[in-house]
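Undergrad: Quick check, what structure comes out for this input:
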Amino acid sequence: TIGFNDLRHRLIPAPGYIDPYTCGGLNTVYPGEAYSARLGDTAGGGHAEQLKYVLNVSQDDYLFVYRYAVVLEDPDHPIAEQPAFIIEITDTDGNLLDSTCGYYYVAASEFMAGWNTCNSPVNSIRWRDWTTVGMNLSEYLGQTVVVTFTTRGCCYSAHRGYAYINAYCNSLQMQIALCEEDTVAVLTAPAGFSYLWSTGDTTNSITVPNPVTGAEYSVIITSYNGCTDTIHATLTYTVVQTDFTYNMSCAMRPSMFHDASTVNQNAVTNWKWDFGDGSPIVTGDPNPVHSFPDPGTYNVTLVSFSTEGCSDTITKQVVVDSLPTLTNTPLFDQICHNTALNIQLIPDVTGAQFTWKATPTSPFLGGYHSQNTLATLIQDTLTNIGTEIDSVIYHITPTMGSCKGDEVSYVVQVMPIPDLITTPLVKSICDSTRTAITLDATNDSTLFTWTCTASSANLTGYTANTTTPGTNINQLIKNNGHTIDTVYYHIVPWLKGCP
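TA: Prediction:
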């Protein structure tokens with residue numbers, strides 16, 4: 001079954017813990033690594049597990065280094081039935097690439113060279129401490145290689161067999177630690193092997209006094225299983241070329257800096273940033289984020305360091321703009337249907353401009369637009385063909401150079417066209433009787449003004465109302481004549497000052 005089963009395989013984070021079946025002798029994570037993978041059942045046997053690495057071999061990572069620690073219970077079954085551990089490095093068709101470097105098989109037994117024994121009341125536990133093996137895959141560049149780790153308990157389901165595994169890919173290179181001012185060079189081979197240097201040394205690293213660039217050195221590295229490789233190197237100075245890029249923001253806003261340093265050998269592994277504003281030096285971060293307290297021009301200095309401590313320095317001037325804000329007040333307007341806006345946006349920083357996004361509160365609103373290029377004037381003719389008071393909200397962002405200020409919302413209320421829905425629009429009354437007319441509209445906030453005309457001079461008591469809008473016409477009308485006459489009220493609906 002593909003996938004994780006916590007009883008049979010799991011990832012163990014550093015620092016790990018002491019394996020419970022090795023008499024306190026085995027830590028479950030290799031020192032200095034972040035994780036290990038435990039493969040196999042720590043409780044019993046009767047099954048097997050596999051962990052596969054599928055590698056696309058490239059020029060940068062053709063040295064496959066794997067580490068393993070193994071715990072096998074020894075119930076003294078026939079060897080084919082014992083708990084076992086197997087490593088196979090094959091092509092995608094399952095063909096073994098190398099019988100020495102690419103294959104390992106071990107089953108629990110009493111006499112196992114390089115293994116330890118932890119005696120338990122039932123059976124002995126055979127265990128091997130962390131072991132490193134490297135395989136040079138350079139002849140398989142551009143190909144796919146499959147690394148398979150297999151663990152199994154005994155075939156009778158009672159006896160455990162499991163392993164802890166860690167693996168990585170690297171290039172088969174010697175690290176040269178030599179800065180221009182150094183009087184010694186340190187040469188370091190990949191860790192986890194035995195060594196024979198061209199100088200006769202057998203340590204992981206050698207020190208070369210009074211180094212001469214161009215001198216050549218070599219080391220033969222040998223894995224635990226006897227797999228060997230030779231690494232050659234020519235002494236060269238480590239040259240760091242420091243550089244960085246940045247994305248500037250406003251004062252009091254985070255600006256982003258990105259290391260762009262290069263090195264001819266080894267790697268850039270440390271950084272020291274001085275932002276030139278009196279803030280503490282920042283170390284160890286290749287891509288820091290920094291907020292400058294005030295606008296202005298600052299000298300930002302980066303010192304970058306290689307693996308062995310060679311360094312280079314660069315200083316760049318950066319310009320920090322002021323944080324712009326919109327100073328308009330109030331941030332509210334109220335207009336009638338089909339009215340042109342003319343909102344002059346005023347920043348607190350000379351030269352700042354604005355973008356905005358316009359959002360309506362109703363689908364009946366029209367005439368608005370969003371502005372993605374910088375501008376300072378909102379000129380929209382807004383319409384409202386609905387019956388309710390709705391708004392266009394302008395979400396305005398002030399901008400100065402690369403600096404964006406806080407978004408501000410400017411609300412424009414747009415009145416609908418007010419109406420009169422009173423019916424019928426004809427009423428008959430007696431002489432010396434009040435009109436008692438109630439004026440109704442779709443929107444309850446609508447008020448009305450009116451002017452009057454009469455069909456005869458015999459009619460009196462009617463008056464115009466053009467100054468104090470209301471919703472009732474309640475006038476006492478007299479007819480001093482002897483015929484039916486008419487007063488005409490010419491009514492204008494108003495909504496929040498909009499006719």
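
Undergrad: quick one: contacts of the lowest-mean-pLDDT helix or strand in the chain?
TA: For the chain, using mean pLDDT, DSSP states H and E, the weakest element among its helices and strands is strand 403-404, scoring a mean of 86. Residues from elsewhere that reach strand 403-404 (C-beta atoms under 8 Å, 6 or more residues apart in numbering): Met248, Ser249, Cys250, Ala251, Arg253, Val320, Asp321, Ser322, Leu323, Pro324, Thr397, Pro398. All C-beta spots, glycine's among them, are computed from the backbone N, C-alpha and C.

Undergrad: And the next helix or strand past that strand?
TA: Using DSSP states H and E, the helix or strand that follows strand 403-404 in sequence is strand 408-414.

Undergrad: Who does the next helix-or-strand element following that following strand pair with, and is each partner parallel or antiparallel?
TA: Next along the chain after strand 408-414, taking DSSP H and E as the criterion, comes strand 433-434. Looking at strand 433-434 with DSSP bridges, its partner strands are strand 476-479 (antiparallel).

Undergrad: quick one: low-confidence ranges for the stretch 151-300 of the chain?
TA: Low-confidence segments of the stretch 151-300 of the chain (pLDDT under 70): none present.

Undergrad: circling back to that earlier point, please state the offset of the least confident helix or strand of the chain from the chain centre?
TA: 21 Å (C-alpha atoms, centre = their mean, to the nearest Å).

Undergrad: Likewise for stretch 128-138?
TA: Counting by C-alpha atoms, centre = their mean, stretch 128-138 comes out at 35 Å from the chain centroid.

Undergrad: And stretch 361-378, by the same measure?
TA: On C-alpha atoms, centre = their mean, the centre of stretch 361-378 falls 31 Å from that of its chain.

Undergrad: can you list the residues that contact stretch 132-145?
TA: The contact list for stretch 132-145, computed with C-beta under 8 Å, 6+ apart, reads 54-59, 62-68, 87, 89-92, 97-98, 101-102, 104, 172, 190-193, 221, 223-225, 227, 229.

Undergrad: I'd like to know which of these are buried.
TA: 55, 57, 62-68, 87, 89-90, 97, 101-102, 104, 172, 190, 192-193, 221, 223-224, 227, 229 (16 or more other C-beta atoms under 10 Å).

Undergrad: For the contacts of strand 403-404, pick the one with the most neighbours.
TA: When neighbours are counted by other C-beta atoms under 10 Å, Pro398 leads the contacts of strand 403-404 with 28 neighbours.

Undergrad: Now the strand or helix carrying that residue: average pLDDT?
TA: Here Pro398 is covered by strand 390-400, with elements defined by DSSP H and E. The average pLDDT within strand 390-400 is 96.

Undergrad: Summarise which helices and strands it is packed against.
TA: Here strand 390-400 touches strand 353-360, strand 365-366, strand 408-414, going by 3 or more C-beta pairs under 8 Å, 6 or more residues apart in numbering; DSSP states H and E.

Undergrad: can you put these in a markdown table and add distance to Lys316?
TA: Formatted as a markdown table, these follow (distance: least, C-beta to C-beta, whole Å):
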| stretch | distance to Lys316 |
| --- | --- |
| strand 353-360 | 27 |
| strand 365-366 | 49 |
| strand 408-414 | 33 |
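
Undergrad: got a markdown table for the ones you listed, with distance to Phe448 and mean pLDDT too?
TA: Shown next, in a markdown table, are the helices and strands packed on strand 390-400 (distance: least, C-beta to C-beta, whole Å; pLDDT from 0 to 100):
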| stretch | distance to Phe448 | mean pLDDT |
| --- | --- | --- |
| strand 353-360 | 28 | 97 |
| strand 365-366 | 25 | 97 |
| strand 408-414 | 21 | 97 |
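
Undergrad: got a markdown table for the ones you listed, with mean neighbour count and distance to Phe292 too?
TA: Converted to a markdown table, the helices and strands packed on strand 390-400 look like this (neighbours: other C-beta atoms under 10 Å; distance: least, C-beta to C-beta, whole Å):
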| stretch | mean neighbour count | distance to Phe292 |
| --- | --- | --- |
| strand 353-360 | 18 | 22 |
| strand 365-366 | 20 | 42 |
| strand 408-414 | 19 | 23 |
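
Undergrad: what's the closest of those strands to Ser445?
TA: With respect to Ser445, and counting by C-beta to C-beta, the nearest of those is strand 408-414 at 11.6 Å.

Undergrad: Can you tell me the strand partners of that closest one and which way each runs?
TA: Using DSSP bridges, the strands paired with strand 408-414 are strand 332-335 (parallel), strand 390-400 (antiparallel).
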